[in-house]
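1. Whatever this is, show me its structure:
(one chain, ligands or ions: 3)
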Amino acid sequence: MDVRIHEAYNNLIHSLDLHTDELYALYTATREPLRPLAKLYFLAKITIDVELDPDIFTLKGGKAHLETTYDENVADREHARKVVYDSGLNARGIVHFYPVAGHEWTDEEWVDLDTLGWTMYLCFSRARLMNNLNRAKHLDIMTGLLNNSGINKAAGALLRRGYASEDYVSMFLNIRNMKILNRSYGNHVVDRIIRHFAGCIYHAIDTDKELAARLGGDNFFLIILKENREKILKLLKNIRYTVEQDGDKTELHIESRIGLYECDPGISIEQIMQRTGYAFETARRAAQDMVCYRPEMQERVLHQKWITLVFPEALARKEVVPFYQPKVHAKTRQLVGAEALIRWIRDGKPVPPGEFIPYLEHDSLITKVDLYMLEAVCRDLRGWIDMGIEPVRISVNYSRRNFLRKTLAEDTLAILDRYGIDGKFIEIEVTESSFYEDFQALFDFTQKMHDRGVAVSMDDFGTGYSSLSMFKNLAFDVVKLDKSFIDSLDSGNCKDEIVVESIASMLTRLHTDIVAEGVETESQLGRVINLHCNIIQGFFFDRPLPYQEFQNRLQHRVYA
Ligand code: C2E
Ligand code: MG
Ligand code: MG
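-> Ligands and ions are numbered 1, 2, ... in the order given. The predicted structure is shown next:
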């Protein structure tokens, strides 16, 4: 082959690499590098028609026509030579070579031209594929909606085309009960549900002016014109999907959780996504169907992020310590126990748990924190025992999230063992609401604690919805009446007294101890004693105390 042909090919391929983005680039790329060759071979015009079958990237096939004229003096169509190139997979190319009018190609010339055509076709279809691949970078393969980078690019383009952000609302949504759907129907069905869900959204929006993206999993993001907001919300409330299993058909109602943001003027797509995300995060945490963005959400979500970021460091630096709030026997006024309450010492001041525990509870970090507290308590107990001070039973709070951890009981007992602490000195407090969330896990945990003499108590009783069967089936040792119960006694409503008295007498007969939490006044104390609640934890006797002060209480024991 003529060396100049080689050169031309090289030029061609080189220019392709520079311009794979647009089909049109090939058109310009083929034109100039081939011009000297065209002259040499009396080539006046070349046309290429490419047909691509649908491929997995675009889900669409396509046809393209490309034409380059090198010499105005083109022979008629009947003098053109046609060659069909088939890649054998999913593409065909038909190339027509037109000679300069009056020229007849020799066999030798024709072999060179044929090779040239084949190469051009290869380059051309490669450019097509690159182009499609490029587009596929912005599409979600499973649903055909935009993906994460696609929504960014498309939203930017939308705003640049003159659409104003304040005309839009954005929504972050995900499908509720995904775990249950996955467990009941398996991945395949869930994938179909996601595709169906995406399809419903896609058909409801105006794709010229509105955008829909799937951001992975069952997370979707929409940018909708304000005037269509109600229409879309209505649609989202009414998506159904029929599953067929073993010949049975079940119609499922596919519900979603939504964070919504009414876009402000002049706002960027990054800010839109961020604010919608804050609304969604708030909805998720409050277990609500839909939440609209408010500026203070940003602060809360950022605070949450900040806490989860700095808290491990605080633990490592031992800035987190237990304070001990005494529990006192109402009649004998003897110190009978204490609750360990977490405090974060920042800049010398104790930060109360309300400012960080709720933020950790959505994170597996809470388990680390609770076990850290248990360890700190065991360490303190060990110290008192070694000093010859007789300790009392100390209760430690366990967040309900801990019960997701399979080895919780083993991890708990290992800490007691490490410090050689007898189980009788430890009590684990679990909030009332945990009791009906994962009954089995809690049942197993309680059994393992009892085997080692560790007590388990139900904290904040009266704030959840305990059922009578729970009292029967779960053998907890202590029930802690929530402060709100104690406060209600002051209201003079005799119904409250009847309720508390009945619960107290039932628990006494079940050999369960009762602790009244939040007793602040003499009159509350009197009423609580009348109702046969004998153990008191409240400001009336003591606030939560730092280590040294509590040690003093351990050494004196009796309250005046
Ligand atoms: P809780 O377990 O119900 O603890 C009792 C709370 O009531 C404590 O608040 C205590 O200071 C407060 N309190 C006790 N007596 C009185 C009183 O007479 N009047 C008033 N107004 N309050 C009283 P604190 O220390 O702020 O703890 C709040 C909650 O934080 C705890 O409620 C518990 O749910 C959680 N918490 C504390 N420490 C931990 C921990 O180590 N792990 C976990 N997971 N949660 C913890
Ligand atoms: Mg507690
Ligand atoms: Mg409580």
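2. Run a quick neighbour tally on the closest residue to ligand 2 within the stretch 101-250 of the chain.
-> Among the residues of the stretch 101-250 of the chain, Lys179 lies closest to ligand 2, at 29.0 Å counting by CB to the ion. Where C-beta positions appear, they are placed from N, C-alpha and C, glycine not excepted. Neighbour count for Lys179, taken as other CB atoms under 10 Å: 8.
3. what does the one 3 residues further on give?
-> Using other CB under 10 Å, Asn182 is surrounded by 14 other residues.
4. list the contacts for it?
-> Each residue near Asn182 by CB atoms under 8 Å, 6 or more residues apart in numbering is listed here: Val190.
5. Downstream of the helix or strand hosting it, the next helix or strand is which one?
-> In the assignment (DSSP states H and E), Asn182 maps to helix 178-204. Counting by DSSP H and E, the next helix or strand C-terminal to helix 178-204 is strand 211-214.
6. Can you pull the phi and psi angles for the residue in the stretch 1-150 of the chain positioned nearest to ligand 3?
-> In the stretch 1-150 of the chain, the residue that lies nearest ligand 3 is Asn148 (43.1 Å; CB to the ion). The phi and psi values for Asn148, taken as degrees, to the nearest 10, are phi -60, psi -50.
7. Just the terminal-to-terminal distance for stretch 95-103.
-> 19 Å (CA to CA, to the nearest Å).
8. quick one: it to chain centroid distance?
-> A distance of 62 Å separates the centroid of the chain from that of stretch 95-103, by CA atoms, centre = their mean, to the nearest Å.
9. circling back to that earlier point, buried residues in the helix holding Asn182?
-> If you call a residue buried by 16 or more other CB atoms under 10 Å, then helix 178-204 has these buried ones: 178, 181, 185, 189-190, 193-198, 200-201, 204.
10. Out of these, flag the one nearest to Thr412.
-> Met178 (31.3 Å; CB to CB).
11. Check whether that closest one really touches Val190, as I assumed.
-> Yes. The criterion here is CB atoms under 8 Å, and Met178 meets it with Val190 at 7.2 Å.
12. Tell me the helices and strands packed up against the helix or strand hosting Val84.
-> Element membership of Val84, judged by DSSP H and E, is strand 81-86. Contacts defined by 3 or more CB pairs under 8 Å, 6 or more residues apart in numbering; DSSP states H and E place strand 81-86 against strand 91-99, helix 107-136.
13. hang on, Phe461 packs against Ser484?
-> No. Using CB under 8 Å as the test, Phe461 is too far from Ser484 to be in contact (10.2 Å).
14. Tell me which of the two has more neighbours.
-> It is Phe461, of Phe461 and Ser484, that has more neighbours when counted by other CB under 10 Å, with 23 against 12.
15. Pull the contacting residues for that one.
-> Contacts of Phe461 (CB under 8 Å, 6+ apart): 432, 479-482, 485, 503.
16. Can you read off the pLDDT for it?
-> Phe461 is assigned a predicted lDDT (pLDDT) of 86.
17. Mind listing the residues bridging to it?
-> Using DSSP bridges, the bridge partners assigned to Phe461 are Leu481.
18. one step back: now the helix holding Asn182: mean pLDDT?
-> Rounded mean pLDDT across helix 178-204 is 91.
19. likewise stretch 238-250?
-> 89.
20. contact partners of that stretch?
-> If you take CB under 8 Å, 6+ apart as the criterion, stretch 238-250 is touched by 185, 189, 192-193, 196-197, 200, 251-256.
21. for stretch 256-266, same thing?
-> For stretch 256-266, the external contacting residues (CB under 8 Å, 6+ apart) are 164-176, 197, 220, 226, 233, 236, 239, 272, 275-284, 288-293.
22. Write the PyMOL selection for whichever of these are buried.
-> Buried residues among the contacts of stretch 256-266 (16+ other CB under 10 Å), as a PyMOL selection:
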select buried, resi 165+168+169+170+171+172+173+174+175+176+197+220+233+236+239+272+275+276+277+278+279+280+281+282+283+290+291+293
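23. shaky segments in the stretch 301-450 of the chain?
-> Residues of the stretch 301-450 of the chain meeting the criterion pLDDT under 70: 435-437.
24. sec struct for the closest residue to ligand 3 within the stretch 201-350 of the chain, please.
-> Residue nearest to ligand 3 within the stretch 201-350 of the chain: Glu339 (8.1 Å; CB to the ion). With DSSP: H, G, I helix; E, B strand; the rest coil as the basis, Glu339 sits in strand.
25. what is it paired to in the beta sheet?
-> When bridges are called by DSSP bridges, Glu339 pairs up with Gln325, Ser395.
26. give the contact list for it.
-> 324-325, 327, 394-395, 397, 429, 537, 544.
27. quick one: which of those is most hemmed in?
-> In the contacts of Glu339, the most neighbours by other CB under 10 Å go to Lys327, 28 neighbours.
28. Report all helices and strands that the helix or strand containing that residue contacts.
-> Element membership for Lys327 (DSSP H and E) is strand 320-329. Here strand 320-329 touches strand 335-346, helix 365-386, strand 535-537, helix 547-556, going by 3+ CB pairs under 8 Å, 6+ apart.
29. Given the shortest one, what are its sheet partners and their directions?
-> What it means is strand 535-537. Looking at strand 535-537 with DSSP bridges, its partner strands are strand 320-329 (antiparallel), strand 513-517 (parallel).
30. Would you enumerate the residues in contact with Leu489?
-> 496-497, 500, 524, 527-528, 531.
31. Specify which member of these is nearest to ligand 2.
-> Closest approach to ligand 2 among the contacts of Leu489 (CB to the ion): Val528, at 17.4 Å.
32. distance of Asp477 from ligand 3?
-> 15 Å (CB to the ion, to the nearest Å).
33. Name the SS class of Gly259, please.
-> The three-state label given to Gly259 by three-state DSSP is strand.
34. What number of residues are in the vicinity of it?
-> Count around Gly259 with other CB under 10 Å applied: 26.
35. which residue sits closest to it in space, ignoring its chain neighbours?
-> In space, and not counting its chain neighbours, Gly259 is closest to Phe280: 2.7 Å by CB to CB, 6 or more residues apart in numbering.
36. That neighbour contacts Phe172, correct?
-> Yes. Between Phe280 and Phe172 there is a contact under CB under 8 Å: 3.8 Å.
37. Now stretch 393-412: buried residues?
-> Result for stretch 393-412 [16+ other CB under 10 Å]: buried residues 393-403, 405, 408-409, 412.
38. do stretch 144-159 as well
-> 144-148, 150-152, 154-155, 158-159.
39. where does that stretch sit relative to the chain's centre, distance-wise?
-> Relative to the centre of its chain, stretch 144-159 is centred 21 Å away, using CA atoms, centre = their mean.
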